[in-house]
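Trainee: based on what follows, work out the 3D shape:
(2 chains)
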Amino acid sequence: MVTKTVTVVNEQGLHMRPAGQLAAEMKKFPGCTITIASGDKTAKATAVMQIMAAGLKKGAIVEITADGDNEQAALDKAVELFESGFGE
Amino acid sequence: MRIVDLLSKDSILLNGAPKSKAEAIDMLVDLQVKGGNISDREIYKQGILAREEKGSTAVGEGIAIPHAKSSAVTAPSLAAMTVPGGVDYEALDDEPSDVLFMIAAPDTNADVHLEVLSRLMTLLMDEDFRENLLSAKDVDEFLAVIDKAEKEKYPDEPTVPEEPENTDRIKVLAVTACPTGIAHTYMAAEALEKAGKKLGITIKVETNGSGGAKNILTDKEIAECDGIIVAADKSVEMARFDGKKVLATKVSDGIKIPEELIERIEKGDAPVYHHEGGAASSSSSVSNESFGRKMYKHLMNGVSNMLPFTVAGGIFIALAFLIDTMMGVQPGDNFGTVTPVAAFFKTIGGYAFNFMIPVLAGYIGKSIADRPGFLVGLVGGYLATTGSTFAKIGGDVPSGFLGALLAGFVGGFLMLVLEKLCDKMPKALNGIKPVLIYPLAGLGIIAVVMCAVNPFMGIINTAIADFLNHMGTESKIFLGVILGAMMSIDMGGPFNKAAYVFGTAAIATGGYDIMAAVMIGGMVPPIAIALSTTFFKSRWTEEERKNGPVNYIMGLSFITEGAIPYAAADPLRVIPACMVGAGVAGGLSMAFNCTLMAPHGGIFVFAVVGNWPMYLVSLAIGSVVSMLLLALLKKKKTVKEPETKNVK
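Mentor: Below you'll find the predicted structure:
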């Protein structure tokens, strides 16, 4: 299991488009369970609705955890997406 | 930000049947427009379509949430549609969408969009919730389903939405005050608090009642509030509100239109208050008030402070007469001071009376010009009682309460002018202005003013005395009318004194009928006022009514001063009414050949009144005449009994 902490940089927070993008990318690692946690909220990184329900605003501290096949690659991808602001 | 608060009934469509994504969007945009928060349908729709270009907002599980931030949105709002069987919304999972929510967010940086999205998702993740939405029979049930789910997921939230920022802050502050500080102050406070609760706006009300200020506003609260409502008919401390939005109004507005006042503060519809007057602790000059209202406020400030002196002193003096009567003292020059106990009460009561006129003037001055005005008013009022002139600085003919009113007003406004003039002085002198310059200059000015005014009182006094002497006793009844009326013109001023001196002088020469007319003229005003407060309650303020019964005692004891607070509060109506009644009583007393050999004592010396039954009749007739005139001349108070007032 690997874990890393990132910060939401998107001006509008993790709204629908970034959430969808994260979920879509994370679905590419089927053997790996990836979760994101911020405060008391947790979400499966593959479940777009859960991510949106967490309502992550700009500046929110998010802990990403990957556990399973290819876990380091999955974590790296997730971190990359967060840090790049999901291309925004 | 609750979903049910963003979703109006007009923006919900159950069992819609769009054939395509484009049609679904059109229908949802129309629903948003019905909600009333879209200023331009096309611009908003373009925003929605642009968002869909970047990827479908159908997030799976049959849910689609099209959304746009747009300048065409005036306030955050939602539209909702259920589509049994679903519509192809180009979902990622290719499943049809059956629950559609459209978000409209204003084009600002606020996180409202994300919050609404987060909340919708939290609710929609629950499959039962989606089922319930789809099976809702009508719009009300649809909203009830959301409301129930929101309450379960967010149990801590109050149903009434609160401001998201800084919820423990008090938004609206208020100060209520009335001259008497017994009823209206608290009624206005209660009305404002109720209105605040109804509007969902936090409010704190400070009451400046007769027992001092309660629930005092703190500096922190003042700094944080949106604005302050000052519903007051007397001066309240204003310096602390400098730079805040202040809505200054009458105390009755606080009772009658509290919601309007609070809403005006919330809309920012109140002028920013700028305090003037430097170190002074309070201010009377509230803007937006008519000149007459301000004058009334100053006057009532003086009257309400004077009233306790009148009541306490008057009762002491009446007690003295009673004691001497019970001790079997023969009425004479020193009636009321013969037995030591009576002398105690008469003297102390008299000393309390001595403060009455200066206090009246002092508090008028203070109301106008703060602390500097207090000194000039107080000393000016005292000079009105001594009647000091340049020629006779020790005192001549007192100008009574009319002179004191002059001292209070002239002194107060002179101090305001003086403060203005002193603005030009070097800053280095600022510290000594309130402690040295204002008091010193003020004292000098008021002394000159009063010494200049008082001689006229002397002239009036002499002229009247001459007039009375020349009138002689040819027309007895007419003389009685004149004397009686004079007693109640100024209740201690030159007219009163001239008549009284004339009456006591007449005793020496055997004119006992004259003294009888004089005394009856001085007894009518307090009795008439007492009767009026009993039978015509609507003409008087709460405090005036409460103190009314004391005037029966004072009137019967020939303590005309009891009427002064009432006359000072409304001289143009009260004095004429009293004069006519007193004149009638004086004339009747003469007509019935009533006589009196004692210069004082009221009902306690009736034993020595000649033809006392008719004297009593004269007194009753005169008092009733005055009472009726008071009812006729005085307007009904706009704000009446508390009982009728609480009914809204």
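
Trainee: helix, strand or coil for residue 82?
Mentor: With no chain named, the answer covers chain A. Classification of residue A:82 using DSSP: H, G, I helix; E, B strand; the rest coil returns helix.

Trainee: wait, I meant chain B there
Mentor: strand.

Trainee: I'd say it and residue B:24 touch.
Mentor: No - using Cβ atoms under 8 Å, residue B:82 is not in contact with residue B:24; the gap is 11.4 Å. Using the backbone N, CA and C atoms, a C-beta is placed for each residue, glycine as well.

Trainee: of those two, who's got more company?
Mentor: Set residue B:82 next to residue B:24 and count neighbours by other Cβ atoms under 10 Å in any protein chain shown: residue B:24 wins out with 24 against 19.

Trainee: surely the more buried one and residue B:18 touch.
Mentor: Yes - contact criterion Cβ under 8 Å: residue B:24 and residue B:18 qualify, at 3.9 Å.

Trainee: shared neighbours of the two, anything?
Mentor: B:81, B:83, B:87 (Cβ atoms under 8 Å, 6 or more residues apart in numbering or on different chains).

Trainee: JSON lines for those, including pLDDT and neighbour count?
Mentor: Shown next, in JSON lines, are the shared contacts of residue B:24 and residue B:18 (pLDDT from 0 to 100; neighbours: other Cβ atoms under 10 Å in any protein chain shown):
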{"residue": "B:81", "pLDDT": "92", "neighbour count": "24"}
{"residue": "B:83", "pLDDT": "90", "neighbour count": "23"}
{"residue": "B:87", "pLDDT": "89", "neighbour count": "24"}
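
Trainee: and the residue of chain A found nearest chain B, how many residues sit next to it?
Mentor: In chain A, the residue that lies nearest chain B is residue A:55 (2.6 Å; Cβ to the nearest Cβ). Residue A:55 has 22 neighbours, counted by other Cβ under 10 Å.

Trainee: what pLDDT does residue 3 get?
Mentor: Defaulting to chain A. Per-residue confidence at residue A:3 stands at 90 (pLDDT).

Trainee: hm, I was asking about chain B
Mentor: At residue B:3, pLDDT is 86.

Trainee: close to chain A as well: tell me which of the shared contacts of residue B:24 and residue B:18 qualify.
Mentor: For chain A, no contacts are drawn from these by Cβ under 8 Å from any Cβ of the partner chain.

Trainee: shared neighbours, residue B:82 and residue B:24?
Mentor: B:16, B:100.

Trainee: the helix or strand harbouring residue A:49 - contacts with which helices or strands?
Mentor: Counting by DSSP states H and E, the element that carries residue A:49 is helix A:48-54. With contacts taken as 3 or more Cβ pairs under 8 Å, 6 or more residues apart in numbering or on different chains; DSSP states H and E, helix A:48-54 sits against helix A:16-26, strand A:32-38, strand A:41-44, strand B:58-60, helix B:112-124.

Trainee: of those, which approaches residue A:10 most closely?
Mentor: helix A:16-26 (5.9 Å; Cβ to Cβ).

Trainee: what helices or strands is that closest one leaning on?
Mentor: Packed next to helix A:16-26, using 3+ Cβ pairs under 8 Å, 6+ apart, are helix A:48-54, helix A:71-83.

Trainee: reformat these as TSV; add mean neighbour count.
Mentor: Shown next, in TSV, are the helices and strands packed on helix A:16-26 (neighbours: other Cβ atoms under 10 Å in any protein chain shown):
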stretch	mean neighbour count
helix A:48-54	24
helix A:71-83	18
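
Trainee: could you dump the ones you listed into TSV with mean pLDDT added?
Mentor: Formatted as TSV, the entries for the helices and strands packed on helix A:16-26 read as follows, by pLDDT from 0 to 100:
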stretch	mean pLDDT
helix A:48-54	86
helix A:71-83	91
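
Trainee: picking that back up, could I get the helices and strands packed on helix A:48-54 as a markdown table with mean pLDDT, mean neighbour count and distance to residue B:41?
Mentor: Shown next, in a markdown table, are those (pLDDT from 0 to 100; neighbours: other Cβ atoms under 10 Å in any protein chain shown; distance: least, Cβ to Cβ, whole Å):
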| stretch | mean pLDDT | mean neighbour count | distance to residue B:41 |
| --- | --- | --- | --- |
| helix A:16-26 | 88 | 21 | 23 |
| strand A:32-38 | 90 | 20 | 37 |
| strand A:41-44 | 86 | 18 | 35 |
| strand B:58-60 | 82 | 23 | 23 |
| helix B:112-124 | 83 | 22 | 19 |
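
Trainee: for residue B:429, find the nearest of these.
Mentor: Closest among these, using Cβ to Cβ: helix B:112-124, at 56.1 Å.

Trainee: how far off centre is the helix or strand following the closest one?
Mentor: The helix or strand immediately downstream of helix B:112-124 is helix B:127-135, counting by DSSP H and E. The chain centre lies 57 Å from the centre of helix B:127-135; the measure is Cα atoms, centre = their mean, to the nearest Å.

Trainee: what's helix B:127-135 in contact with?
Mentor: B:61-63, B:82, B:84, B:98-99, B:123-124, B:142, B:145-146, B:149.

Trainee: equivalent analysis for stretch B:323-332, please.
Mentor: Where contact means Cβ under 8 Å, 6+ apart, the residues beyond stretch B:323-332 that reach it are B:335-339, B:341-342, B:345, B:597-598, B:601, B:604-605, B:607-608.

Trainee: swap in stretch B:208-223?
Mentor: B:170, B:173, B:175-177, B:180-182, B:185-186, B:189, B:204-207, B:228, B:232, B:234, B:236, B:240-241, B:244.

Trainee: average pLDDT for that stretch?
Mentor: Mean predicted lDDT for stretch B:208-223 stands at 80.

Trainee: do whichever helix or strand residue A:4 is part of and chain B meet?
Mentor: Assigned by DSSP H and E, residue A:4 belongs to strand A:2-7. No - using Cβ under 8 Å from any Cβ, strand A:2-7 stays clear of chain B, with a minimum separation of 15.5 Å.

Trainee: neighbouring strands - and their directions - for that strand?
Mentor: Next to strand A:2-7 in the sheet, as set by DSSP bridges, lie strand A:61-68 (antiparallel).

Trainee: got the angle between the strand it pairs with and strand A:32-38?
Mentor: Angle, strand A:61-68 to strand A:32-38, by axes from the mean of the first three to the mean of the last three Cα atoms, to 10 degrees: 170 degrees.

Trainee: just the C-alphas of strand A:61-68, formatted as CSV.
Mentor: Written as CSV, here are the backbone C-alpha positions of strand A:61-68 (Å, rounded to 0.1, in the frame of the first residue of the first chain):
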residue,chain,number,x,y,z
ILE,A,61,-5.7,18.5,1.6
VAL,A,62,-6.3,15.1,0.1
GLU,A,63,-4.6,11.8,1.0
ILE,A,64,-4.5,9.4,-1.8
THR,A,65,-4.1,5.7,-1.0
ALA,A,66,-3.4,2.9,-3.6
ASP,A,67,-3.5,-0.8,-2.6
GLY,A,68,-3.1,-3.7,-5.0
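
Trainee: next, work out how far apart residue B:117 and residue B:79 are.
Mentor: 14 Å (Cβ to Cβ, to the nearest Å).

Trainee: check the burial of residue B:460 by counting its neighbours.
Mentor: 18.

Trainee: so it touches residue B:494, yeah?
Mentor: Yes - contact criterion Cβ under 8 Å: residue B:460 and residue B:494 qualify, at 4.6 Å.

Trainee: joint contacts of these two?
Mentor: Joint contacts of residue B:460 and residue B:494 (Cβ under 8 Å, 6+ apart) are residue B:397.

Trainee: circling back: which of the contacts of stretch B:208-223 are buried?
Mentor: B:170, B:173, B:175-177, B:180-182, B:185-186, B:189, B:204-207, B:228, B:232, B:234, B:236, B:240-241, B:244 (16 or more other Cβ atoms under 10 Å in any protein chain shown).
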